[in-house]
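Engineer: Model the following, please.
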Amino acid sequence: MAATTMMSQMGLVGAGAYLGSCPKSKLSSSQLIGAASPSLATFRASTLSVRCEAGGDNPTGGLREATDRATKKTITKENILKHQETDESEQRSVFGAQPTPGALYPRPEVERRPETGDRSFTSVFAFDGAAPETINCRLAMLGLVWAFFSEKATGLTVFEQLYMPGQTGLVFFVGAVQLFTYASLVPIVNGESTDARSFGPFTARAERWNGRLAMLGFLSLVVTEMFRHAPVFH
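Structural biologist: Here you go, the predicted model:
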């Protein structure tokens, strides 16, 4: 009994101390006094801790702000113009043409980036827009992983999983395209490119190169299976 009373008092003291350091909280220390058990006091204190750290009355907003601080960097127009002037790859397109302001293709970096350029549908989905490569890279990475595990499990090629009667691969493919397209477009239409986010090794550069390799790998997989008429990974 004495041990239970001591634990209850410790829980109340800890919660009261935390209340003093969390001005946004609406739970006063008097509400914790008289708690019948240490578990109740501990539960109330831990709940208050989560609410305080997540932003008081708006936990979602606090979580988003914390995520932004950890992963997001601001890309300004000055940064883009400086990179555009100094980076050799920005002086010409993949076809060797000089980027021209106002042209359909190629466009200068400051015009094609979501942070400073036009975020209309035609601009975002243009050949040098922010959406096509991002979406295709992510779908290719997903498709390659999916093909590996599905072929191991079913013994069917990619085409067989998509078009053979009784298979649900086509349904999942259409759903994945819709989901990944929407998820990729949300930050772009809000003026945020993939270069604005990074977390440890997960950078935009790493995603682009992994995605490009995945696109080549998935194309090679499909072509190989067309000639072999057998799954590569089985």
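
Engineer: wait, doesn't Gln167 sit right on Phe159?
Structural biologist: No - using CB atoms under 8 Å, Gln167 is not in contact with Phe159, being 10.1 Å away. No exception for glycine: its C-beta is placed from N, CA and C like everyone else's.

Engineer: remind me which residues of this structure are low pLDDT?
Structural biologist: 1-61 (pLDDT under 70).

Engineer: Helices of the chain, residue ranges please.
Structural biologist: Secondary structure of the chain (DSSP state H): helices located at 2-20, 29-32, 38-54, 59-71, 77-86, 109-112, 121-124, 131-154, 158-163, 169-189, 204-228.

Engineer: between those helices, which gets nearest to Gly102?
Structural biologist: Smallest distance to Gly102 across these (CB to CB): 7.9 Å, for helix 109-112.

Engineer: Any chance you could list what contacts the closest one?
Structural biologist: 77, 80-81, 83-84, 90, 99, 101-102, 116-118, 123, 126, 128-130 (CB atoms under 8 Å, 6 or more residues apart in numbering).

Engineer: does His229 really touch Thr157, like I thought?
Structural biologist: Yes - using CB under 8 Å as the test, His229 is close enough to Thr157 to be in contact (7.4 Å).

Engineer: who's more crowded, the two?
Structural biologist: Thr157 (25 against 9; other CB atoms under 10 Å).

Engineer: List the contacts of the more buried one.
Structural biologist: 151, 225, 229-231.

Engineer: for Phe173, same thing?
Structural biologist: Phe173 makes contacts with Leu162, as judged by CB under 8 Å, 6+ apart.

Engineer: quick one, domains of this protein?
Structural biologist: Per automatic domain parsing, the domain ranges recorded for the chain read 2-71, 130-228.

Engineer: what about the longest one, distance to the chain center?
Structural biologist: What it means is domain 130-228. Between the centre of domain 130-228 and the centre of its chain there are 14 Å (CA atoms, centre = their mean, to the nearest Å).

Engineer: Endpoint to endpoint, that domain covers what distance?
Structural biologist: With CA to CA, to the nearest Å as the measure, domain 130-228 spans 36 Å from end to end.

Engineer: Same question for stretch 65-80.
Structural biologist: 24 Å.

Engineer: For Phe159, see how far away the closest residue to Thr224 other than its chain neighbours is.
Structural biologist: Among residues not flanking Thr224 along the chain, Val232 sits closest, at 5.7 Å (CB to CB, 6 or more residues apart in numbering). Per CB to CB, to the nearest Å, Val232 is found 12 Å from Phe159.

Engineer: Now list whatever residues contact both of those two.
Structural biologist: Common neighbours of Val232 and Phe159 are listed as Glu225 (criterion: CB under 8 Å, 6+ apart).

Engineer: What is the neighbour count of the closest residue to Ser123 other than its chain neighbours?
Structural biologist: Ranked by CB to CB, 6+ apart and with sequence neighbours excluded, the top spatial neighbour of Ser123 is Gly129, at 5.9 Å. By other CB under 10 Å, the residues close to Gly129 number 23.
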